[in-house]
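K.L.:
Quick check, what structure comes out for this input:
(chains A and B)
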Amino acid sequence: MIVQTKQKSKEQLHEELLKPDTITGSEMLLRSLLLEDVDCVFGYPGGAVLYIYDAMHGNSDFNHLLTRHEQGAIHAADGYARSTGKVGVCIATSGPGATNLVTGIATAYMDSVPLVVITGNVATTVIGTDAFQEADITGITMPITKHSYLVRDVKDLPRIIKEAFHIASTGRKGPVLIDIPKDVSNDTAAFYYPENVEIRGYHPTLHPNKLQVDRMLEAIAESERPVIIAGGGIVYADASKELIEFVEKTRIPVTTTLLGLGGFPSAHDLWLGMPGMHGTYAANHALQNCDLLIGIGARFDDRVTMKVNGFAPKAKKIVHIDVDPAEIGKIVETAIPVVGDVKTVLQLANLKAKPSKSEQWIGWNQENKKNFPLSYQDSDTELKPQYVIEMINDTTKGEAIVTTDVGQHQMWTAQYYKFNHPRSWITSGGLGTMGFGFPSAIGAQVAHPDRLVVSINGDGGMQMCSQELAICAINKIPVKIVVINNQVLGMVRQWQELIYDNRYSHIDLAGSPDFVKLAEAYGVKGLRASNKEDARRVWQEALDTPGPVLVEFVVRKEENVFPMVTQGSTIDQMIMGDS
Amino acid sequence: MTRKHTISVLVNNQPGVLQRVSGLFGRRGFNIESITVGESEEKGLSRMIIVTTGDDNTLEQVSKQLYKLVDVIKVVDLSSNPMVARELALIKVNAEPGIRPEILGVVETFRAAIVDIGPNTLVVQVVGDSEKIDAMTELLKPYGIKELSRTGVTAMIRGMVK
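P.N.:
From the prediction side, this is the model:
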């Protein structure tokens, strides 16, 4: 594994790092990252960051993982951040190195993932001249970063790094970019790392208005059919325990969004499943019939609400708890806005929370859950993807960290893997980034060397970052890589079948590599199965094999994800499928 | 109800801050009718005055989204209060010597000023709200406007700032 046990204690290291020596910008960067307790940086060197990489040479305190593509580096940093709650860090050179990060930055921005992204730039003397490998990366990424810096003076560098970590990891989290010109990384100044951050225009509201919390509790007391929609904010604020306490005190059924999965235990009887386009019958019908809707750290994404003006039509009131005030009222009209850190809000609410008049409503929801469960037609002749996910769930007892790519396999995993812990589910929600699944698993595994990390991918997405098999092999990163191979772009196929009248346009992935041989070419063990018996056997073999393993499951091509709500429909107008 | 809003945005005077603000308007689908920027009363801070149209919900979102920018210190909807709004325009108009007294009459009526006289042209400077400048422009059109440059609106609340 890449993370080594450090010889020095944290205190010793910090004392050494804080010495006011005159050092280069590159050394300042390394010292600052270590002072921020960064375990591992993911990156790729190039001309504009050579001073930085030179400073890393022989530095035993600093862990760096060399990926094979900058996209791999940033998705790995993202997986690291989502699985730990810490800030993920990646480094790339200027120009193409920096632009290769754009997809990963946008992914992290949409899903509120804390990242500090370091890019090199050409020297300040040639910025703006179209110099070799120059790109205005702060300009390019302005719409997809929480904030960005172009460092013009080495003296500002430690303050900027301190601010970047603070901004990335507080309030609504997100990626912050620091662009460091080559001459700045080589200039010298006395090192001083600030203890505190004071940014005049940045003061996230963490403590809610108590009156609004009281109004929410009053609304709950009056309500007969309340429902909670909990999003990624529950996970990011580490507020799972508080949510469980709130739910149990108020007796309100809960639905968790794609990013909220794991934020509330799926084994809990008040959990209704995931809402939205591929949500459960119980979750969608609860939302459409509730008289009080409480959004907690969820942003009412269009994949959840579907047709917005038909969403939650019977809700007399909508309560929205979010740390980002701009989310409140953005999509749905909110009667009771509660701006604040979700954990703090729930702690406050839990002091006075009382049961709602919901027992009859709970019964109705539980009937829905029982009568309309997720289901599929199993087959003894063909391998069904849902079966594969259930098998992974059964064998890992739901205790693995699971990452996915984007598409049908992602939705099947969201539906059939039973998440009971926060930060055990890593997926690209907002941006829907193919190529995310596998490298994000590498980041999660680096952060959790002793846990089982399973990366579930489609045959399409696997080919978008498959080069990172090399770093699994070389660094013995033991990710279990699953490829659900249906030989097509499955979700596109599903839409073309159901919405575009079976007009299958450019979805055939013929010409894909033999995934087993591809894995073996990189020195990773490869296994394949295309029926249930083989599937169980090779999966067990993968689990029993130390180190990385790629397992390809060849599944039925025509399988679709159900339930499904098509665009323009309300979420209770569900196609239930062929179970 | 859709109406015109004049918003004052106090920002850090940093490179790229105008791009951050105007880019946010563009990508969020908010309209910019006019945007002006200049130094504020405090060193290191600039003030932008943005004129936009939209309903109250749009205005609320504009304000909230602006506050998400780390370089934005304060956002005030000036048009919810009695305010002073001014724009400046320079208008270069065809003016053969024989016609100048007539143009001068228009300029004086508007309390505008002639700030340059060329062999065949005059440059008229007019300050006022946007409607006054529109009216001045209309009146000068018949003489032949060769060039027109407007600053966009700058504004502040009358009396004490709330």
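K.L.:
Helix, strand, or coil at the residue in chain B that chain A sits nearest to?
P.N.:
As assessed by C-beta to the nearest C-beta, chain A sits closest to residue B:64 within chain B, at 3.8 Å. From N, CA and C alone the C-beta is placed, and that goes for glycine too. Assigned with DSSP: H, G, I helix; E, B strand; the rest coil, residue B:64 falls in the helix class.
K.L.:
just checking, it touches residue A:337?
P.N.:
No: assessed by C-beta atoms under 8 Å, residue B:64 is found out of contact with residue A:337, at 10.8 Å.
K.L.:
what's the overlap in contacts for the two?
P.N.:
Common neighbours of residue B:64 and residue A:337, using C-beta atoms under 8 Å, 6 or more residues apart in numbering or on different chains, are A:325, A:328.
K.L.:
Tell me which residues touch the residue of chain B closest to chain A, please.
P.N.:
A:325, A:326, A:328.
K.L.:
what do you get for residue A:150?
P.N.:
Residues in contact with residue A:150 (C-beta under 8 Å, 6+ apart) are A:121, A:138, A:179, A:181, B:15, B:16.
K.L.:
Just among the residues you listed, which is most surrounded?
P.N.:
Most neighbours among these, by other C-beta atoms under 10 Å in any protein chain shown: residue A:121, with 29 neighbours.
K.L.:
what's across from it in the sheet?
P.N.:
With DSSP bridges as the criterion, residue A:121 is bridged to residue A:181.
K.L.:
got the contact list for it?
P.N.:
Per C-beta under 8 Å, 6+ apart, neighbours of residue A:121: A:48, A:94, A:98, A:127, A:134, A:137, A:150, A:179, A:180, A:181, A:182.
K.L.:
Distance of the fourth one relative to residue B:70?
P.N.:
When you say that, I think you mean residue A:127. Noted for residue A:127: a distance of 22 Å to residue B:70, by C-beta to C-beta, to the nearest Å.
K.L.:
Looking at residue 70 now. What's its pLDDT?
P.N.:
Chain wasn't specified; assuming chain A. At residue A:70, the model reports a pLDDT of 98.
K.L.:
Sorry, I should have been clearer: chain B.
P.N.:
97.
K.L.:
swap in residue B:15?
P.N.:
89.
K.L.:
what's the closest non-adjacent residue to it?
P.N.:
Using C-beta to C-beta, 6 or more residues apart in numbering or on different chains and skipping the chain neighbours, the partner closest in space to residue B:15 is residue A:150 (7.2 Å).
K.L.:
Tell me the spacing between the one you found and residue A:36.
P.N.:
With C-beta to C-beta as the criterion, residue A:150 and residue A:36 are 20 Å apart.
K.L.:
Look up phi and psi at the residue of chain A found nearest chain B.
P.N.:
Of all residues in chain A, the one sitting closest to chain B is residue A:326 (3.8 Å; C-beta to the nearest C-beta). Backbone torsions of residue A:326, given as degrees, to the nearest 10, read phi -70, psi -20.
K.L.:
next one: residue A:393
P.N.:
phi -60, psi -50.
K.L.:
Make sure it is actually in contact with residue A:417.
P.N.:
Yes: the pair residue A:393 / residue A:417 is scored as a contact, 4.8 Å apart, by C-beta under 8 Å.
K.L.:
more neighbours, those two?
P.N.:
Neighbours were counted for residue A:393 and for residue A:417 using other C-beta under 10 Å; residue A:417 has more, 23 against 19.
K.L.:
ok, the more buried one - contacts?
P.N.:
A:389, A:392, A:393, A:398, A:402, A:425 are the contacts of residue A:417 under C-beta under 8 Å, 6+ apart.
K.L.:
if you set the cut-off to 10 Å instead, what comes out?
P.N.:
For residue A:417, the contact set (C-beta atoms under 10 Å, 6 or more residues apart in numbering or on different chains) comprises A:261-262, A:266, A:389-390, A:392-393, A:396, A:398, A:400, A:402, A:404, A:424-425, A:454, A:456.
K.L.:
other SSEs contacting the helix or strand hosting residue A:538?
P.N.:
Using DSSP states H and E, residue A:538 sits in helix A:532-544. Counting contacts by 3 or more C-beta pairs under 10 Å, 6 or more residues apart in numbering or on different chains; DSSP states H and E, helix A:532-544 packs against helix A:385-396, strand A:453-458, strand A:480-485, strand A:525-529, strand A:549-554.
K.L.:
Tell me which of these lies nearest to residue A:516.
P.N.:
Comparison of these against residue A:516 by C-beta to C-beta identifies strand A:525-529 as nearest, at 3.4 Å.
K.L.:
which helix is the longest one in chain A?
P.N.:
Of all the elements of type helix in chain A, the one with the most residues (DSSP state H) is helix A:70-84.
K.L.:
So which other helices or strands are in contact with the helix-or-strand element of chain A with minimal mean pLDDT?
P.N.:
Of all helical and strand segments in chain A, the minimum by mean pLDDT, DSSP states H and E falls on helix A:10-17, at a mean of 89. Under the contact criterion of 3+ C-beta pairs under 10 Å, 6+ apart, helix A:10-17 touches helix A:25-35.
K.L.:
Let me know the average pLDDT across stretch A:288-297.
P.N.:
98.
K.L.:
where does the chain dip in pLDDT?
P.N.:
No chain specified, so I'll use chain A. Within chain A, the ranges that satisfy pLDDT under 70 run A:1-7, A:578-579.
K.L.:
nope, chain B
P.N.:
Using pLDDT under 70, chain B drops low at B:160-162.
K.L.:
Please enumerate the strands of it.
P.N.:
Listed in chain order, the strands of chain B (DSSP state E) span residues B:3-12, B:34-39, B:45-54, B:72-77, B:83-94, B:113-117, B:121-128, B:145-150, B:154-157.
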